[in-house]
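Q: how would this look folded up:
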Amino acid sequence: MNSNTSKPEEKLRACIHRIVFTHPETGFAILSVKSIPHNKRVIVLGELATLNPGQHVCFSGRYEKDPKHGRQFRAYSWEEIRPETNDGLIRYLSGQFKGIGPKLAERIVTHLGMKTLDIIDADPGMLASVPGIGNDRITAIKKEWANKRALAEISVFLSFLKLGPLTAAKVIRHYGFAAEQIIRQNPFCLASDIPGIGFATADEVASRLEIDGEDPRRIRAGILYEMEKARDEGHTCLPRKELIGRSVTLLGVRGPVINSELETAHDEGLLVFRNVSRQNTVVFEKTMDWVEQNLAENIRRLMRQRVKNIHVDISAVYAAELHHSGMSADPMQRKALNLVQNNPVFVITGGPGTGKTTLVRLLIKIFKSMHIRLAAPTGRAAQRLYEASGNEAATIHRMLEFIPRTGHFNRNAKRPLNADVLIVDESSMLDTPLAMALTRAAKSGVRLIFVGDVDQLPSVGPGRVLGDLIDSGKIPVVKLNRIYRQEGGSDIVTNAHRIIQGEMPLIQNNQQTSDLVFIEKDDPEHALDVISRLPHRISRHLNIDPLEDIQVLSPMHRGLLGVKHLNDTLREILNPTGEPIPGTRYFRVGDKVMQTKNNYDQDVFNGDVGRIVSYDESGRVMIRYGTRSIRYTPESLDQITPAFASSIHKSQGSEYPAVIIPLHTQHYVMLRRQLLYTAVTRGKKLVVIVGSKKALALAVKNNEENARFTLLKKRLQNF
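A: This next block holds a predicted model:
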């Protein structure tokens, strides 16, 4: 383990006395040690989670002074040393061997002396001469020592491969004593088997093992890595030429070599080829091909079934709603109500303020005698659907009875949902695997109604389900275009529609007269200064909480106005005195954080925002989400990220009382109309854009979507 500081290193020889704190995932640990030979207590910090009490270690690092905890030693590397005293050897034996307590350790050392470890290593049978030690205990000691030697050899091998101590610990936990054999056989399995190890690291390992650059194992791993990367970018497939080009760039080998291994992977069933045209073939990973095809087939199945007759006077229901709300009749709403008569599957889309929620309430009244289920892709969206409709709503995962342990759904084709009507809100967030699971569990004869804004960003996961359903021309679609909320004087709604139509928003800079404000700051540092002061100003203006009710949304993660730097800046303003949490590289008590993965056991979902309220000595952290508090173990802390600022993509399905949007030419590569539209429509009471007019104009003008490669549209059209 090499030093990561340029300052001169100091050495600390010590015996580990106690583990104060350890974080299994990061490898960070706080140890209480006794220095050798002075026997002074010292606190040591670093990636030391693999060390145990009783071990004698030589640490390399430097002393530093912590304002709260005083003088401590920051270790950057270490190596184990053998105990040099009888007392040290006794502590070592009782700490490192199960079944050896202090008394037995003392008898062993008294009998065998300072050569005890050499004897256990070379001639463990001599342990039989120690009074009171039986054959079973000797066998256990021999086995444990052999395991320690094997692990030491594996550690040396992993060190040769330049894998850090934390990564090495993960490898050993996963592969055990077979680690070296498995890695030598195929080092690229590291990328697929060990979380946190990517293709680049596995490729470096392969290079150190002198594996040829055109080795089939490397070529295949590179191809599969590019397919996985494409899925993370939102694609369900890649054109064959695109995949070959990406792989050539990644691997630095000739196209024919890639093509040959591509054919082999296809022949072995890992990849699927689909012909789009004579000149165009797309490549699917086997599972994704099945998922997308299954989704298309389920849509076809549902569309071919007859649905229950409606025994309600739709016109009377609509007239009553118009009378109650004071609205005037909308031809597109009327069209949607007509569609419900005989169409098993249809789509309702429209921008903010166009009456989607009103239409959902009407549908609930029309279907009141039937079994209706309401669902949305996220917990936040489901909660909003419940508040808007007054009817129970659930996440799709909860409705389908997701089983976290297996990753499967309890509701499926064999155990379909008991529902006559399924209404799915925020359908723009539906990715292909989730849409497949939903339609698979939808029984024949159900009415399936997708509701969402197709102009928003597509799903985080692979596919563009709502867009493909609409573009296929096979699914009845109603696009609501009358802006009801505009009649109420909302500049947010008015300008959101202007943006999506490619028109510059009618910008103002006065929070007193408009709910959408533009503050022009061409210099990024000036923009950052304004953004850092806005939360407190807005909270006073709207009488809202600056942490809970205001969200900064940035187009990018990097840069002065990116998510990461904004989080660093805003935390010092909004939570300057929060107590740092040991074992984490960032978090403090009081921090605003966001869940980044769906956690169905805890009922907390990707994008949920909460506050850290406390932590305990075992490293568990308590986070409050609304009225609920969730306890996180050290292992699960990788599911959260700072959320004083977040990306616009992460805000999908959410609404906030106030939104602040930095917009600068620094964000050039991300300045797109769809992204700006999504950000603006997240705000309910106030949206403040801070940046340059040039960046605003670039975003409005740029209507290029991040094209997604999918085959769902064509599969639907082939029915």
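Q: Tell me which residues of the helix or strand hosting residue 34 come out buried.
A: Here residue 34 sits within strand 28-35, counting by DSSP states H and E. Buried positions in strand 28-35, judged by neighbour count with 16 or more other CB atoms under 10 Å: 28, 29, 30, 31, 33, 34. Every residue, glycine included, has its C-beta placed from N, CA and C.
Q: Other residues contacting it?
A: Strand 28-35 is contacted from outside by 12-23, 40-49, 51, 57, 582-584, using CB atoms under 8 Å, 6 or more residues apart in numbering.
Q: ok, back up a step: any chance of the buried residues of strand 28-35 in CSV, with distance to residue 94 too?
A: Listed next are those as CSV, based on distance: CB to CB, whole Å:
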residue, distance to residue 94
28, 26
29, 20
30, 22
31, 17
33, 16
34, 15
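Q: Now flag whichever of those is closest to residue 67.
A: residue 30 (16.1 Å; CB to CB).
Q: any idea how far that closest one lies from residue 634?
A: 12 Å (CB to CB, to the nearest Å).
Q: Residues that sit against both of those two, list them.
A: 22, 583.
Q: Quick one: buried ones out of the contacts of strand 28-35?
A: Counted by 16+ other CB under 10 Å, these give 12, 14-17, 21-23, 42-49, 51, 57, 582-584 as buried.
Q: From those residues, which land in strands?
A: 12, 14-17, 21-22, 42-47, 57 (DSSP state E).
Q: So which of the residues you listed sits lowest on pLDDT?
A: Ranked by pLDDT, these bottom out at residue 22, which scores 76.
Q: tell me the contacts of it?
A: 28, 29, 30, 49, 583, 619, 634.
Q: Count the residues that sit near residue 699.
A: Residues near residue 699, counting by other CB atoms under 10 Å, number 26.
Q: can you pull the contacts of residue 641?
A: 593, 594, 596 are the contacts of residue 641 under CB under 8 Å, 6+ apart.
Q: In terms of helix, strand or coil, where does the second one fall?
A: Read it as residue 594. strand (DSSP: H, G, I helix; E, B strand; the rest coil).
Q: my read: it touches residue 644, true?
A: No. Assessed by CB atoms under 8 Å, residue 594 is found out of contact with residue 644, at 9.7 Å.
Q: which of those two has more neighbours?
A: residue 644 (25 against 21).
Q: Distance-wise, check the residue sitting nearest the centre point of the chain relative to residue 375.
A: Using CA atoms, centre = their mean, the residue of the chain that lies closest to the mean C-alpha position is residue 596, 3.9 Å off. According to CB to CB, residue 596 and residue 375 sit 22 Å apart.
Q: Next: residue 660.
A: 31 Å.
Q: can you check residue 385 too?
A: Taking CB to CB, one finds residue 385 at 8 Å from residue 375.
Q: Same check on residue 710?
A: 22 Å.
Q: repeat for residue 542
A: 32 Å.
Q: quick one, which of these two is more surrounded?
A: residue 375 (24 against 16).
Q: For the helix or strand hosting the more buried one, which strands pair with it and how are they oriented?
A: Per DSSP H and E, residue 375 falls inside strand 372-376. Strand 372-376 has its sheet partners listed here by DSSP bridges as strand 393-395 (parallel), strand 421-424 (parallel).
Q: how about TSV for these, with distance to residue 109 added?
A: Shown next, in TSV, are the strands paired with strand 372-376 (distance: least, CB to CB, whole Å):
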stretch	distance to residue 109
strand 393-395	60
strand 421-424	70
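Q: and residue 631, that one's in a strand?
A: Yes. Using three-state DSSP, the assignment for residue 631 is a strand.
Q: Neighbours of it, how many?
A: For residue 631, using other CB under 10 Å, the count is 13.
Q: same thing with residue 70?
A: 8.
Q: And residue 502, by the same measure?
A: Neighbours around residue 502, by other CB under 10 Å: 11.
Q: wait, isn't it in contact with residue 704?
A: No. Look at residue 502 against residue 704 with CB under 8 Å: they stay out of range, at 12.0 Å.
Q: Torsion angles phi and psi at the closest residue to residue 644 other than its chain neighbours?
A: Closest residue to residue 644 apart from its sequence neighbours, by CB to CB, 6 or more residues apart in numbering: residue 570 at 3.7 Å. Taking degrees, to the nearest 10, you get phi -70, psi -30 for the backbone angles of residue 570.
Q: Residue 570 against residue 528, yeah?
A: No. The criterion here is CB under 8 Å, and residue 570 misses it with residue 528 at 9.8 Å.
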